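A.B. asks: Compute the structure for the input listed below.
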Amino acid sequence: MKFSSICFALSALATASAFAPLPSTGAASKTQLALGENGNSPGVTSKTADWEINKISPTVTIQGNTRHTWNMADDTKEVVQIALHSNGRPINADIQLWIGPDWTPVTVHCHSEDGKDYPIQTLVGTRNKASNLEVMNTGPYTMPVKAAVSYAIEPLADARDKVAEEVEGKYMEGGSVHHLSFAPEIDQLQVLLKTEGKQLNAKVELLNGPNNVKQEFEIFTNNGELNSLFVIFDTPGEGNAIRVKNLAPLEYPCEVYTKASKVGKSQFNSVTW
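C.D. replies: Alright, predicted model coming up:
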C-alpha cells in the first residue's frame, strides 16, 4: 500500500512537470509577425500610386483553395489597394472585408482569364474601421496567385471620388445591362460602380470580341456608397469593351463611371494618375 502511494505521487509529479512552462530563451518565435520601426506590419502602406505589385506591399503566394488574411487596423485610413497576379494562368478569387467577428459588409468575386496580361486591380473601403481583408484563391492547387495588399496613398486613395466628380455617370435600373466600347489607344481604364446608400449587387466584365470575357468582378455589399466597386482594367490590344450588369432588383439602381487612366503606352504624354 505504501509502495502504491509513492508510485501515485511520482506519477502526479511527472504530469505536473509536463505542463510546466519552459524557461524563456529570449528568442522570438519563428511564426511571430515581424514589425517595422513604426510598429506596423510590413506593407501596411503602399509605396506607389500605380499598380506595380512589388511596390504595393511584400507579395504573398496563395495556393489554390487556400486563403490569406491581412490585418488592416488603422482606422484613420479607409482605402485598401489590392493586386492579384499570376504567371499567365487564370485567376479565380474571392475578396472579403471582415469587420468584427461575424460581419462581412462586402464580397467581391474576381476572375481573370490571364493573370499576367489582365491582373486583378481593385480598391476596397474599410469604412474607417479596424478590419481584416481576406483573399481566397478559389482556383485549383495548380493555379497559385501572387497577392499584394496595403493602404492606398494619394492620389490613388482619392481616385473613387475624383472619377465620380470628373465624369458623368450612367444611371442603371436594377436588372439592366450597359455596354461601353472604347478606343484601342486606351491602355488602362478605371470603372466605378456605386449607389446612393442602397445595396450594390452588380457585375462588370471586360470583353474582347463579341462575348469573350477576359476579366470580371461581381460585388455584393449592403451599402454601395460606403463600399463602391472601383476596378482598374489593363486593356491591351484592340476590340475591348465593358459590360455592366445590375444584378439587383428594380428598386436598387446603381451608377457607372468610366475614365481612361493611361493612354498610349508608347507615347511620352501618356495619361496617368
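
A.B. asks: all helices of the stretch 51-200 of the chain, in order?
C.D. replies: Using DSSP state H, counting those that start in this stretch, the helices of the stretch 51-200 of the chain run over 53-56, 159-166.

A.B. asks: nearest spatial neighbour of Arg89, skipping sequence neighbours?
C.D. replies: Spatial nearest neighbour of Arg89, excluding adjacent residues (CB to CB, 6 or more residues apart in numbering): Met143 at 4.9 Å. C-betas here are computed from N, CA, C, even on glycine.

A.B. asks: Compute the number of surrounding residues for Ile91.
C.D. replies: For Ile91, the count of nearby residues is 26 (other CB atoms under 10 Å).

A.B. asks: same thing with the one 4 residues further on?
C.D. replies: Each residue near Ile95 was counted by other CB under 10 Å, and the total is 23.

A.B. asks: so how far is Pro119 from it?
C.D. replies: 14 Å (CB to CB, to the nearest Å).

A.B. asks: Could you pull up phi and psi at the closest residue to Ala73 other than its chain neighbours?
C.D. replies: Spatial nearest neighbour of Ala73, chain neighbours left out: Ala130 (4.6 Å); criterion: CB to CB, 6+ apart. Per-residue torsions, Ala130: phi -60, psi 130 (degrees, to the nearest 10).

A.B. asks: Ala130 touches Asp75, doesn't it?
C.D. replies: Yes: using CB atoms under 8 Å, Ala130 makes contact with Asp75 at a distance of 5.4 Å.

A.B. asks: Now the phi/psi pair for Glu238, please.
C.D. replies: Main-chain dihedrals, Glu238, degrees, to the nearest 10: phi -120, psi 170.
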